[in-house]
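Novice: Model the structure of this input:
(one chain, ligands or ions: 1)
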Amino acid sequence: MTDKELAMIAREAMEQAYVPYSHFKVGAALLAKDGTVFKGCNIENASYGATNCAERTAIFKAVSEGYREFEKIAIVASSGDIASPCGICRQVLFEFMPDGKVILDSDEKGMVTYLVRELLPLGFSSKDIK
Ligand code: THU
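Specialist: Down below sits the predicted model:
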């Protein structure tokens with residue numbers, strides 16, 4: 001699966017976004033190491049803090065289905081610009097795919113890629129809990 005193909009699946013995922021408050025749709029497509037793809041969208045809530053980001057929706061769907069190992073995740077947003085994962089999502093990505101790749105694609109600004117480790121230097125993990 002190429003980065004561009006995964007980003008196109010993220011665009012499909014974005015269509016399901018539930019965003020009555022921000023009107024900012026985000027889609028994610030998560031590739032598990034066995035080739036399975038999980039889609040996620042942001043899901044907002046009238047109590048704003050209960051909102052779930054697209055990246056975490058994808059990860060939580062996958063983990064709840066028994067998947068633990070992931071290769072890469074693609075993220076797109078309705079703004080047309082690159083959407084960078086929030087701090088909480090970076091922490092969740094670090095838990096399950098510290099060596100994974102993050103593909104940020106956009107309609108207007110092209111695509112950039114990072115490693116999860118680059119987005120969360122010195123990230124807290126199970127290794128820190130002694
Ligand atoms: N959002 C995501 O889905 N992913 C991120 O990493 C950044 C923010 C969503 C949450 C909310 O629904 C909207 O974007 C505006 O913050």
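
Novice: Just the pLDDT at the spatially most central residue of the chain, thanks.
Specialist: Centroid check for the chain by Cα atoms, centre = their mean gives Glu55 as the closest residue, at 2.7 Å. On pLDDT, Glu55 comes in at 98.

Novice: Residue numbers of the protein in contact with the ligand?
Specialist: Neighbours of the ligand within the chain, by Cβ under 6 Å from any ligand atom: 19, 22, 24, 26, 42, 44, 51, 53-55, 83, 85-86, 89. For the C-beta atoms, the positions are set from N, CA and C on the backbone; glycine is no exception.

Novice: Going through those residues, which ones are buried?
Specialist: Val19, Val26, Asn42, Glu44, Thr51, Cys53, Ala54, Glu55, Ala83, Pro85, Cys89 (16 or more other Cβ atoms under 10 Å).

Novice: so how many other residues sit close to Glu108?
Specialist: 8 (other Cβ atoms under 10 Å).

Novice: I'd guessed Ala77 sits against Glu108; true?
Specialist: No - counting by Cβ atoms under 8 Å, Ala77 stays clear of Glu108, with 10.5 Å between them.

Novice: Skipping its backbone neighbours, what lies nearest Leu115 in space?
Specialist: Of all residues not flanking Leu115 in the chain, Lys101 sits nearest, at 6.0 Å (Cβ to Cβ, 6 or more residues apart in numbering).

Novice: coming back round to it: would you tell me what helix or strand the residue nearest to the centre of the chain is located in?
Specialist: Assigned by DSSP states H and E, Glu55 belongs to helix 54-64.

Novice: This structure: strands as residue ranges?
Specialist: Taking DSSP state E as the test, the strands found in the chain are 26-32, 37-41, 70-77, 101-106, 110-115.

Novice: now, of these, which is deepest in the fold?
Specialist: strand 26-32 (a mean of 27; mean count of other Cβ atoms under 10 Å).
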